[in-house]
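Chemist: Here is the input, now give the coordinates:
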Amino acid sequence: MNQTLTILTGAALMALVAGAAPAQDTAKKKLYCWQENGRKVCGDALPASAVNSARTEFSAKSGMATARVDRALTAEERAAAATQAETDRLAAMAAEAKARRDIAMAQSYATESDLRRAFQERIAVLDETVKASQLGVEGRRQSLISLLRKAGENELNGKPVGSGLSDNIRNQHAELLRQQNILAQQKIERAAIDEDLAAALERYNAMKAAEAARNAGG
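Modeler: Numbering: from 1, shown residues only. Model (predicted):
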């Protein structure tokens, strides 16, 4: 017969065991304790109202706790847990990818000078790209200034600016803004590569030091 009652001591658990099942079945049974309306309640079966509650499971044979089951998560908590799990998974993947890159870097460059030389090649390409973009922006700016000057002269002379000239000014201005945005992004990338080099050198030297320590110890 199933029973549910408030429990205060470990002795009450054993009393519940004795009353709940024959001796030969005691070893196979479990007892459950959970909170209900602020009271600690125990029984040899879980009512429907307690299925999602946090509970402790006990061995009916020994009266010792055998498991702790947390309460069921709410929909919001499940969504948050899933989001956190995905964040952790992506972080682990990023860490693994970084470790693989570090190993590849250590194997690819025999010395720190080799690593610096590889970065300098990339830096030289970016420097040339930035320089070319700066020239393009300056050329586009001068073209726009020339068109604006022509439009101003037409107005001063009482002549219409004309739709063709107005369209050309708008197009030149839009292209100037586009090229300025490209240049700004290129400058960001150029600054970032210096940080990448510093970080790569730090990792490279740390790995080489660890490798030397392993070889010395072996």
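
Chemist: where along this protein do the strands fall?
Modeler: 4-6, 30-36, 39-43, 55-59, 65-69 (DSSP state E).

Chemist: any low-confidence regions in the chain?
Modeler: 1-28, 73, 99, 102-103, 105-106, 218 (pLDDT under 70).

Chemist: Can you spell out the domain ranges of it, please?
Modeler: What automatic domain parsing lists as the domains of the chain is 4-69, 73-108, 111-211.

Chemist: Tell me which of the ones you listed lies nearest to G217.
Modeler: Nearest of the domains of the chain to G217, taken as C-beta to C-beta: domain 111-211 at 10.6 Å. (Glycine included, C-beta is placed from N, CA and C.)

Chemist: okay, how far is it across that closest one, tip to tip?
Modeler: Start-to-end span of domain 111-211 (C-alpha to C-alpha, to the nearest Å) is 13 Å.

Chemist: quick one: it to chain centroid distance?
Modeler: Here domain 111-211 is found 31 Å from its chain centre; the criterion is C-alpha atoms, centre = their mean, to the nearest Å.

Chemist: Please shift the residue numbers so they start at 55 in all later answers.
Modeler: All right, first residue 55 from here; so that's domain 165-265.

Chemist: From the chain's centroid, how far away is the longest helix anywhere in the chain?
Modeler: In the chain, ranked by residue count with DSSP state H as the criterion, the top helix is helix 217-271. Centroid separation for helix 217-271 versus its chain: 22 Å, with C-alpha atoms, centre = their mean.

Chemist: Check stretch 259-272 too.
Modeler: Using C-alpha atoms, centre = their mean, the offset of stretch 259-272 from its chain centre is 31 Å.

Chemist: Adding mean neighbour count and distance to G271, write the domains of the chain out as a markdown table.
Modeler: A markdown table is the format used below for those (neighbours: other C-beta atoms under 10 Å; distance: least, C-beta to C-beta, whole Å):
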| stretch | mean neighbour count | distance to G271 |
| --- | --- | --- |
| domain 58-123 | 14 | 44 |
| domain 127-162 | 11 | 18 |
| domain 165-265 | 13 | 11 |
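
Chemist: could you list every residue that touches P214?
Modeler: N208 (C-beta atoms under 8 Å, 6 or more residues apart in numbering).

Chemist: Let's see that with 10 Å instead.
Modeler: A205, N208, S220 (C-beta atoms under 10 Å, 6 or more residues apart in numbering).

Chemist: Which strands and helices lie in contact with the longest helix of the chain?
Modeler: Applying 3 or more C-beta pairs under 10 Å, 6 or more residues apart in numbering; DSSP states H and E, one finds that helix 217-271 makes contact with helix 129-162, helix 166-210.

Chemist: that older thread, and the strands of the chain as JSON lines, adding distance to S103?
Modeler: Output for those, formatted as JSON lines (distance: least, C-beta to C-beta, whole Å):
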{"stretch": "strand 58-60", "distance to S103": "10"}
{"stretch": "strand 84-90", "distance to S103": "7"}
{"stretch": "strand 93-97", "distance to S103": "10"}
{"stretch": "strand 109-113", "distance to S103": "12"}
{"stretch": "strand 119-123", "distance to S103": "15"}
